[in-house]
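Asks: here you go, sequence then predicted model.
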There are 2 protein chains.
Amino acid sequence: MVRTVSLGEQILGANDEIALANRTALNRAGVLAINLMASPGAGKTSLILSTVAALRAEYRIAGVDGDLATSIDADRVAAMGVPAVQINTGGACHLDAAMMRCALEQLDLAVLDLLIVENVGNLVCPSGFRLGVHRNVLIASVPEGADKPYKYPVMYLGADAVVLNKVDVLDAFDFDMAYFRHGVEALNPGLAFFPVSCKTGVGMEAWRDWVRQQVTAFRQAEGAGYELR
Amino acid sequence: MVRTVSLGEQILGANDEIALANRTALNRAGVLAINLMASPGAGKTSLILSTVAALRAEYRIAGVDGDLATSIDADRVAAMGVPAVQINTGGACHLDAAMMRCALEQLDLAVLDLLIVENVGNLVCPSGFRLGVHRNVLIASVPEGADKPYKYPVMYLGADAVVLNKVDVLDAFDFDMAYFRHGVEALNPGLAFFPVSCKTGVGMEAWRDWVRQQVTAFRQAEGAGYELR
C-alpha cells in the first residue's frame, strides 16, 4: 500500500489551525483585523499612518508590522502614540499565523477596536498564509504599472478591497486605468476599489468610510460569518 | 543514533547542481547571462527593452522572462525581434535552476552572446535560488522609497550592480538618495550603481557600458572565476 503525504497541505493545515485560534482571540475581544498586502514601497505604512491619524478619535487602533529586518515601520506607527508590534521575519517572505500569534500576545486586545497588519512587501507569497484576520486589502500603486493584476493574479483573488495609491503621479506615468480595472474585475468582480494618494489625501475619505463600514458590520455580526483570512 | 536531515539544504543542493550545469552550458557556448531582480513594476522589462535596442548591433541577445502568469513580458521582448522565452512559474515566487534549464533548452546558445533573465517580481525569494548565471543585477526604483536596502538586505548582498530606475520622477517623490546609497554601501561596499530613467534615457549609457565591460571580461576569462549566481 502506498501512502502519500502532501507536505504542502500539512504545513498549510497547521498554519490554518493557528490562524483560527488568532481569529477566535480577536473575535472574543471584539477586534476587527485587516491585513494589508502589497509590493515593496506601494504605501502600506503610509496608508496605516493616514488611517490611524483620521480614525484614532473613533476607534482604539493598533498596528502589527512585518518586515525581513529593521523596525522602521513599527517605529513610525508607534510614534503616533498607538500600540505597534514589529515582527522581523528573519528572511521569511511573508507573515504566517504563528508570527501573528506572537504579535497578538504582545497586545492588550481588550482595549482595542481595530488592528491593522502590514504584511511583508511581496506580491506573491503572503497570499498563501492565512493569519486569522477578517479582511485582506491589497495596495497597488500607480508607478508599478497597470499590468499587475494580470501578472500577480492570486493576490487579487484573495482580496476584499484594492487601494490604488499614488494617483497624484498619474500624469507622470503611463498608467492605463481601464486596463487595470479590467484585470481586477476579471479576477474579483465587484471588488471594492479606492484610488487614493496617501501623500495628498485624495480619495482617502472613501477608503476610511470603507474601514468604518467594516467595523460596523463586524460588530453587528460579532465576528461571525467571515471567511478565514 | 540520531540522524538529522536538513530539507532546506538538500533542496538548495539539488538546485545548485542544476545551476552549475546551466553555467557550464552557458560557458561552453560563450554566453554571458545576467539575472535581473526587482520588486514588481520597478522596470525590469523596460531595462531589457532599452538594453536590447542599444546593444543588439554589438551582441546577439536573447531574453528569458519569469512570471507567475501571462506572457506579456516575453511578448514585448520578442516583438523586438530577439529570441525570448517566457517561463510561467505557475504561482512560484521565484525562478529556480530547473526552470532556467527548461528555458535554455528552448534557445540556440551557439548563436548568442548575451542572455538577459528577468526574474519574478519579488524583493525576497529570488535571492535564495541560483540559476547558473554570471551576474545578478538588482533594479530599485524611486517610487519604492529609499529604505528598501534596509528592509530587504539579502537581495542587495547578492547583487553585482544596482540600477535605480525612474530618476525622472525624483522631484515628485521624497527620495533620500544619500540614505539609499548609505544602505547599499553598508551591505555591499563599492557596488556598481546606475541611476537611470528607462523612460527618458538618462543614465542609460553608463549602464550599457557596464554591460559591455561584463561581456568583455567574460570573454577574456572564458567564463572562469565567476561565483555561481
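Replies: On my side now, so go ahead.

Asks: chain B contacts on chain A?
Replies: Where chain A comes near chain B, counting by CB under 8 Å from any CB of the partner chain, the residues are A:39-41, A:67-70, A:72, A:91, A:93, A:120-125, A:141, A:143-145, A:147-148, A:150-154, A:166, A:168-169, A:172-173. To be clear about C-beta, it is placed using only N, CA and C from the backbone, and glycine gets the same treatment.

Asks: filter these down to just the ones in helices.
Replies: Within these, residues falling in helices by DSSP state H are A:72, A:148, A:150-151, A:153-154.

Asks: for the closest residue to residue A:124 other than its chain neighbours, give its distance to residue A:77.
Replies: Distances taken as CB to CB, 6 or more residues apart in numbering or on different chains place residue B:93 nearest to residue A:124, at 3.8 Å, with adjacent residues excluded. Distance, residue B:93 to residue A:77, by CB to CB, to the nearest Å: 27 Å.

Asks: residue A:35: helix or strand, and which one exactly?
Replies: strand A:32-38 (DSSP states H and E).

Asks: can you list the low-confidence ranges for chain A?
Replies: Applying pLDDT under 70 to chain A flags residues A:1-12.

Asks: mind listing the strands for it?
Replies: Applying DSSP state E to chain A gives strands spanning A:32-38, A:61-67, A:84-88, A:114-118, A:135-141, A:161-165, A:192-195.

Asks: give me the sheet partners of the second one and which way each runs.
Replies: This means strand A:61-67. The sheet places strand A:61-67 alongside strand A:84-88 (parallel), strand A:114-118 (parallel), with pairing taken from DSSP bridges.

Asks: and the most centrally placed residue in chain A, what are its bridge partners?
Replies: With distances taken as CA atoms, centre = their mean, residue A:36 lies nearest the centre of chain A, 1.7 Å away. Legend: beta-bridge partners of residue A:36 under DSSP bridges are residue A:118, residue A:137.

Asks: thought it was touching residue A:117?
Replies: Yes: between residue A:36 and residue A:117 there is a contact under CB atoms under 8 Å: 6.6 Å.

Asks: dump the C-alpha coordinates for the strand holding residue A:35 into PDB.
Replies: What follows is strand A:32-38 as a C-alpha-only set of coordinates in PDB (Å, rounded to 0.1, in the frame of the first residue of the first chain):
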ATOM      1  CA  LEU A  32     -11.500  43.700  13.700                       C
ATOM      2  CA  ALA A  33      -8.200  42.800  12.000                       C
ATOM      3  CA  ILE A  34      -7.300  44.000   8.500                       C
ATOM      4  CA  ASN A  35      -4.200  42.600   6.700                       C
ATOM      5  CA  LEU A  36      -2.500  45.000   4.200                       C
ATOM      6  CA  MET A  37      -0.500  43.400   1.400                       C
ATOM      7  CA  ALA A  38       1.500  45.000  -1.400                       C
END
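
Asks: ok, residues contacting it?
Replies: Applying CB atoms under 8 Å, 6 or more residues apart in numbering or on different chains, the external contacts of strand A:32-38 come out as A:26, A:44, A:47-48, A:95, A:113-119, A:121-123, A:126-127, A:131-141, A:155, A:159, A:211, A:214-215, A:218, A:229.

Asks: relative to the whole chain's centre, how far out is it?
Replies: Here the centre of strand A:32-38 is set off from its chain's centre by 2 Å, with CA atoms, centre = their mean, to the nearest Å.

Asks: list the buried ones in it?
Replies: By neighbour count on 16 or more other CB atoms under 10 Å in any protein chain shown, the buried set for strand A:32-38 is A:32-38.

Asks: just the closest of the residues you listed to chain B, please.
Replies: When the buried residues of strand A:32-38 are ranked by distance to chain B (CB to the nearest CB), residue A:38 comes first, at 9.3 Å.

Asks: and residue A:42, how many neighbours?
Replies: By other CB atoms under 10 Å in any protein chain shown, 32 other residues sit near residue A:42.

Asks: need the nearest residue in space to residue A:72, chain neighbours excluded.
Replies: Take residue A:72 and drop its neighbours on the chain: the residue closest to it by CB to CB, 6+ apart is residue B:147, 5.8 Å away.

Asks: from what I can see that neighbour touches residue B:182, true?
Replies: No: with contact defined as CB under 8 Å, residue B:147 does not count as touching residue B:182 (10.9 Å).

Asks: ok, the two, which is more surrounded?
Replies: Set residue B:147 next to residue B:182 and count neighbours by other CB under 10 Å: residue B:147 wins out with 19 against 14.

Asks: and the more buried one, what does it touch?
Replies: By CB under 8 Å, 6+ apart, the residues touching residue B:147 are A:70, A:72, B:179, B:183.

Asks: show me the two of the residues you listed that sit farthest apart.
Replies: Taking CB to CB, the two most distant members of the contacts of residue B:147 are A:70 and B:179; they sit 12.5 Å apart.

Asks: many thanks, we can stop here.
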